[in-house]
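J.: Next one to model:
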Amino acid sequence: MAVMSAYLANLGIPRSGEVLRAATITTYENIPFEKNFGTIISERMIDLVMLLLIVGITLLWQTETLLQVFETYQINPLFTFGALIILIALGVLFLKLIKNSTHPLLQKIKKLGSGILKGIKSVLKLKHKVAFFLHTIFIWTMYITMFFLIKFAVPGAEEIPFAAIMVAFVVGSFAISITNGGIGVYPVAIGAVLLLYGIPKQTGEAFGWVIWGSQTLLNIVLGGLSMLLLPILNRKK
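T.: Modelled structure (predicted):
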């Protein structure tokens, strides 16, 4: 329920859901916020690695098309990954600089940062690493399978080739990550990609609207129910 509440929050303010999710688990499960947030950062790093892996495979397969789309929408996946690494490195450096400080505010920052780092490192201490890896592969495989299956729900989209599905998936993933749930951008971006493969604009955008609309509706319904039920089911806590 914390995860679904986070997805709902992201529709309003991008990436605010991660903070809400950590705060929710802290509230109801009595686990330190910084450790929760650290594990969530780990998840996002792994998701980014998976996305970059899919981008790499798609780039090798559909080099010209994907580069054209990246140039049109000014997308640079390596910049995103590099920025994350730099931010983490700067955070670690800052913690080392304030390690021996006795200032109350810096002490609080150090405690928060140390907890986040412990949360990030927790992914290296998993008891079931193989299961975690296989489940991650399964989740991303289902993402792509969803794209493939939805083409049969839109008249005229049945002929969309799998190569186009992969390119649309990559572009759609970035469209969601840089906006609040892809509102207003996602269907247009998907339609523009499919247009490059000879799919009419109306069909391509309809395909994008069905994908975006079904995901968004699911997030609204389950996220709303989660926010409603969390305090009810945890009232004893």
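
J.: residue boundaries of the helices in this structure?
T.: Here the chain has its helices, by DSSP state H, at 2-12, 16-29, 33-61, 63-73, 77-97, 104-121, 129-150, 162-177, 186-195, 201-233.

J.: Can you check which of these gets nearest to G156?
T.: Across the helices of the chain, G156 has its closest neighbour in helix 201-233 (4.3 Å, Cβ to Cβ). The C-beta positions use only the backbone N, C-alpha and C, and glycine is treated the same way.

J.: if we can go back for a sec, any chance of the helices of the chain in JSON lines, with mean neighbour count and distance to G156 too?
T.: Below are these laid out as JSON lines (neighbours: other Cβ atoms under 10 Å; distance: least, Cβ to Cβ, whole Å):
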{"stretch": "helix 2-12", "mean neighbour count": "20", "distance to G156": "29"}
{"stretch": "helix 16-29", "mean neighbour count": "18", "distance to G156": "35"}
{"stretch": "helix 33-61", "mean neighbour count": "17", "distance to G156": "23"}
{"stretch": "helix 63-73", "mean neighbour count": "14", "distance to G156": "20"}
{"stretch": "helix 77-97", "mean neighbour count": "12", "distance to G156": "30"}
{"stretch": "helix 104-121", "mean neighbour count": "16", "distance to G156": "46"}
{"stretch": "helix 129-150", "mean neighbour count": "12", "distance to G156": "13"}
{"stretch": "helix 162-177", "mean neighbour count": "22", "distance to G156": "13"}
{"stretch": "helix 186-195", "mean neighbour count": "22", "distance to G156": "11"}
{"stretch": "helix 201-233", "mean neighbour count": "16", "distance to G156": "4"}
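
J.: Output those helices in JSON lines; the columns should cover mean pLDDT.
T.: Converted to JSON lines, these look like this (pLDDT from 0 to 100):
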{"stretch": "helix 2-12", "mean pLDDT": "89"}
{"stretch": "helix 16-29", "mean pLDDT": "89"}
{"stretch": "helix 33-61", "mean pLDDT": "82"}
{"stretch": "helix 63-73", "mean pLDDT": "70"}
{"stretch": "helix 77-97", "mean pLDDT": "73"}
{"stretch": "helix 104-121", "mean pLDDT": "71"}
{"stretch": "helix 129-150", "mean pLDDT": "89"}
{"stretch": "helix 162-177", "mean pLDDT": "81"}
{"stretch": "helix 186-195", "mean pLDDT": "84"}
{"stretch": "helix 201-233", "mean pLDDT": "91"}
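
J.: How about Q68, nearest residue that isn't a chain neighbour?
T.: Leaving aside its sequence neighbours, Q68 sits nearest to L196 (Cβ to Cβ, 6 or more residues apart in numbering; 7.2 Å).

J.: That neighbour contacts T65, correct?
T.: Yes: using Cβ atoms under 8 Å, L196 is in contact with T65, at 5.7 Å.

J.: Name the residues contacting each of those two.
T.: Listed as contacting both L196 and T65 by Cβ atoms under 8 Å, 6 or more residues apart in numbering are V167.

J.: Next up, phi/psi of the residue located most distally from the centre of the chain, please.
T.: The C-alpha centroid of the chain is most remote from T102, which lies 37.4 Å away (Cα atoms, centre = their mean). Backbone torsions of T102, given as degrees, to the nearest 10, read phi -110, psi 0.

J.: Please report how far it lies from K110.
T.: Note on T102: its distance to K110, by Cβ to Cβ, to the nearest Å, is 11 Å.

J.: What of R235?
T.: From R235 to K110 the distance is 35 Å (Cβ to Cβ).

J.: swap in E18?
T.: 21 Å.

J.: again, but for G91
T.: On the measure of Cβ to Cβ, G91 and K110 end up 11 Å apart.

J.: now swap in E64 and tell me
T.: 49 Å.

J.: Same question for T145.
T.: The gap separating T145 from K110 is 44 Å, by Cβ to Cβ.
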